[in-house]
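> coords please:
(one chain, ligands or ions: 1)
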Amino acid sequence: MKAIVLGGSMAGLGTALALSRRGVEVVIAEQDGNPLPPDPVEAFRTWQRKGAPQVWHSHAFLSRLRNLLLEHAPDVHRALLDAGAHEMRFGDHFPPELLPYEPEPGDEELVLLACRRITFEWVLRHKVLEQPHVTWRGGVACLGLDAKPDADVPRVTGVRVRTPEGEETWQADVVVDATGRRSKLPDWLAAAGGERPDEETEECGIFYTSRFYRLREGQKPPTSNGLVGMDIGYLKYAVFPGDSGIFSVTLAASKDDAPLRALLRQPFFEVAARELPPVRDWIDPARSEPVTDVWPMAGLKNRRRRFVRDGRPLVLGVHAVGDAAVCTNPMYGRGCSLALVHAFLLADAVLAHPDDPAACARAFDLATRRELDPWYESARMQDRDARDVMAAQRSDTLSELDGPADPTRPVDPKAFMRSVLQEGLFPAMREDVVVLRAVVRVLNLLDPPESILTNPDVIGRVLAVWRDRDQRERRQSELGPRRDGMIRALRAAA
Ligand SMILES: Cc1cc2nc3c(=O)[nH]c(=O)nc-3n(C[C@H](O)[C@H](O)[C@H](O)COP(=O)(O)OP(=O)(O)OC[C@H]3O[C@@H](n4cnc5c(N)ncnc54)[C@H](O)[C@@H]3O)c2cc1C
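Here you go, the predicted model:
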């Protein structure tokens, strides 16, 4: 069997790995033509990745991805560690309130891989290109599909590509679209006489900005605040430990928050980062120095495309994988993990139905709905709620959103849930390892998104903390200033 994979990034490389190791001949067509730099350090300095500009942003690699590699491609996992990635285990960075910590069965699965996206992609590409059945064609852009009618839907038999030598048509048994969130597959399908897939799109509502830093010689990461990933309503921020002493800081805010758009510019990014106590420790000039500019990213969307309608495939012989099919807000750090999970699911479907493209399409669609849809839906729901909170903080009506001060007023269920989240779940995660474990398992895609809400033990613990909220000292100032304070700091810097 021969497959053409369009796009040589996370989903494309993952698909090529999964298919080629099971005997499929794979040709990868990647529009970026630059050769692979000799090592990840050089790649971070010089690699041009115009087709995937997010490689210059912070990336988390979740336990689900790390465990998938250990199971299906342990040599890739080993190569990542050899390239400087390190594993961060549940319990490694606990604050004193969570100590002493007694590991439970299952905690050994909770391991993040800390490294730069560039390093991850460099290693993955390197390992995939070692495969005997894989051919890499850089500088080749797909222009459209080659298809013939089969019953009532197009049967894709190949692709039209622009190579450095000119336009060509390539034939294959299976075509895989891994061209990312800007995939043109719906247009290509329409041009081939097929129907466009069913599509849902919703703005994430945020802009995203990242900067990379290097720990100075002899310096270590701060131990006092462990892993940093915070949501203070108007601002979401995180520190991502990487490889080779490099780490990155990401700040994200509403795209409609005009004063905060200053964060897209370097001096203001630094001012804001220093206003956040958990980040301040990391970027203290005595500890670290910036090694890149501030990279912005906007236009972020949650999007899902479906290629099977009521059990009927809209096209045969082509499949979308990774962001080309399901794309979620990067803030949740799931895209690469889901792309690799999706790639292996596709390989299962292709190999289970080598001679029946309709059965293959249906099997892949079912697997996608089962494994990816819950994360798409959860991202969309969380984003809607976050947009409400950000808008309320901008218009200073959060207290109304937070819940009724007047006990005779009916309780708004959304405001109640928000209050339980802010004043129950978040503080409980800092004090109760059972709650923290339940949340971290979901964040790492090991348990389904709704599992916290259906666990009576966890709910009981969270509500106990929430009931005690008036006795509890508010910790907002330890996490960062209120929005008006942040804006004052930015104005003062201007
Ligand atoms: C700001 C930001 C931060 C993120 N942070 C995280 C994170 O912390 N953790 C995480 O897991 N995910 C994160 N993500 C998401 C993650 O980057 C994506 O989910 C992931 O890259 C998807 O992989 P992909 O292979 O589907 O698409 P991409 O990585 O976008 O790759 C698509 C590839 O297709 C190529 N291509 C495009 N068109 C063509 C064509 N016509 N012909 C040939 N080749 C083509 C491109 O050059 C590119 O190489 C983040 C995303 C953004 C935007």
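
> give the other helices and strands that the top helix by length along the chain contacts.
When secondary structure is assigned using DSSP state H, the longest helix within the chain turns out to be helix 373-394. If you count contacts as 3 or more C-beta pairs under 8 Å, 6 or more residues apart in numbering; DSSP states H and E, helix 373-394 packs onto strand 198-203, strand 246-254, strand 301-306, strand 326-327, helix 398-402, helix 413-420. C-beta: built from backbone N, CA, C; applies to glycine.

> need the least confident one among those, by mean pLDDT.
If these are sorted by mean pLDDT, helix 398-402 sits at the bottom with a mean of 47.

> circling back: list the buried ones in the longest helix of the chain?
Using 16 or more other C-beta atoms under 10 Å as the test for burial, helix 373-394 gives 375-380, 382-383, 386-394.

> kindly export it (C-alpha atoms) in CSV.
Output of helix 373-394 as CSV, limited to C-alpha atoms (Å, rounded to 0.1, in the frame of the first residue of the first chain):
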residue,chain,number,x,y,z
ASP,A,373,-14.6,15.4,19.9
PRO,A,374,-14.8,15.5,23.7
TRP,A,375,-11.7,17.8,23.7
TYR,A,376,-13.0,20.0,21.0
GLU,A,377,-16.3,20.4,22.8
SER,A,378,-14.6,21.0,26.1
ALA,A,379,-12.3,23.7,24.6
ARG,A,380,-15.3,25.4,23.0
MET,A,381,-17.2,25.5,26.2
GLN,A,382,-14.3,26.7,28.3
ASP,A,383,-13.6,29.4,25.8
ARG,A,384,-17.2,30.7,25.8
ASP,A,385,-17.0,30.9,29.6
ALA,A,386,-13.6,32.6,29.5
ARG,A,387,-14.9,35.1,27.0
ASP,A,388,-17.7,36.0,29.4
VAL,A,389,-15.3,36.5,32.3
MET,A,390,-12.9,38.6,30.2
ALA,A,391,-15.7,40.8,29.0
ALA,A,392,-17.1,41.2,32.5
GLN,A,393,-13.7,42.2,33.8
ARG,A,394,-13.3,44.7,31.1
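
> from now on call the first residue 57
In the new numbering, first residue 57, that becomes helix 429-450.

> now that helix against strand 254-259, angle please.
Between the axes of helix 429-450 and strand 254-259, defined by axes from the mean of the first three to the mean of the last three C-alpha atoms, to 10 degrees, the angle is 30 degrees.

> taking helix 469-476 as reference, get the angle to helix 429-450.
Comparing the axes of helix 429-450 and helix 469-476 via the same axes, to 10 degrees yields an angle of 90 degrees.

> when you scan helix 429-450, is anything in it near the ligand?
No. Looking at helix 429-450 against the ligand by C-beta under 6 Å from any ligand atom, there are no contacts, and the closest approach is 11.0 Å.

> got a list of contacts for that helix?
Helix 429-450 is contacted by residues 258, 260-262, 287, 289-290, 292, 309-310, 312-313, 358, 360, 382, 384-385, 388, 390, 394, 454, 456-457, 470, 474, 501, 504-506, 539 when judged by C-beta atoms under 8 Å, 6 or more residues apart in numbering.

> once you drop chain neighbours, what's closest to the closest residue to the ligand within the stretch 57-206 of the chain?
When distances are taken as C-beta to the nearest ligand atom, the stretch 57-206 of the chain approaches the ligand most closely through Gly107, which lies 1.8 Å from it. In this structure, Gly107 finds its nearest non-sequential neighbour in Asp88, 4.6 Å apart by C-beta to C-beta, 6 or more residues apart in numbering.

> tell me which residues touch that neighbour, please.
Contacts for Asp88 were tallied using C-beta under 8 Å, 6+ apart; they are 64, 104-108, 194-195.

> quick check: residues of this protein near the ligand?
Within the chain, the positions lying close to the ligand (C-beta under 6 Å from any ligand atom) are 62-68, 85-88, 107-108, 110, 113-116, 197-198, 234-237, 264, 353, 378-380, 386, 389-393, 395.

> quick one on the thing from earlier: right, and the residue of the stretch 57-206 of the chain closest to the ligand touches Glu86 too?
Yes. Here Gly107 reaches Glu86: they are 7.3 Å apart, a contact under C-beta atoms under 8 Å.

> joint contacts of these two?
Counting by C-beta under 8 Å, 6+ apart, the residues touching both Gly107 and Glu86 are 63, 65.

> out of these two, which sits in the busier spot?
Between Gly107 and Glu86, Glu86 has the larger neighbour count (other C-beta atoms under 10 Å), namely 25 against 17.

> so who does that one touch?
Applying C-beta under 8 Å, 6+ apart, the residues near Glu86 are 63-65, 68, 107, 192-196.

> what about 6 Å?
If you count contacts by C-beta atoms under 6 Å, 6 or more residues apart in numbering, Glu86 has them with 64, 194.

> bridged to it, which residues?
Following DSSP bridges, Glu86 is listed with bridge partners Gly194.

> just Val217 next, same as before
Per DSSP bridges, residues listed as beta-bridge partners of Val217: Cys198, Glu224.

> was I right to think it contacts Val196?
Yes. Assessed by C-beta atoms under 6 Å, Val217 is found in contact with Val196 at 5.1 Å.

> which residues do the two both contact?
Contacts common to Val217 and Val196, judged by C-beta under 6 Å, 6+ apart, are Ala85.

> and Pro188, how many residues sit next to it?
Under the neighbour criterion other C-beta under 10 Å, Pro188 is assigned a count of 7.

> how about Asp131?
With neighbours defined by other C-beta under 10 Å, the count for Asp131 comes to 10.

> please identify the helix or strand for it.
Following DSSP states H and E, the helix or strand that holds Asp131 is helix 130-138.

> now Val215
strand 209-219.

> send me that strand as PDB with only the CA atoms.
The C-alpha atoms that make up strand 209-219 are tabulated as PDB, following Å, rounded to 0.1, in the frame of the first residue of the first chain:
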ATOM      1  CA  VAL A 209     -18.700  10.400  -4.100                       C
ATOM      2  CA  PRO A 210     -15.200  11.200  -5.400                       C
ATOM      3  CA  ARG A 211     -12.600   8.500  -5.000                       C
ATOM      4  CA  VAL A 212      -9.300  10.200  -4.400                       C
ATOM      5  CA  THR A 213      -6.500   8.500  -6.300                       C
ATOM      6  CA  GLY A 214      -3.700  11.000  -5.900                       C
ATOM      7  CA  VAL A 215      -2.700  14.700  -5.600                       C
ATOM      8  CA  ARG A 216      -1.600  17.500  -7.800                       C
ATOM      9  CA  VAL A 217       1.500  19.100  -6.500                       C
ATOM     10  CA  ARG A 218       3.900  21.900  -7.300                       C
ATOM     11  CA  THR A 219       7.500  20.700  -7.000                       C
END
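
> which helices and strands does it pack with?
Packing contacts for strand 209-219, counted by 3 or more C-beta pairs under 6 Å, 6 or more residues apart in numbering; DSSP states H and E, involve strand 197-206, strand 222-227.
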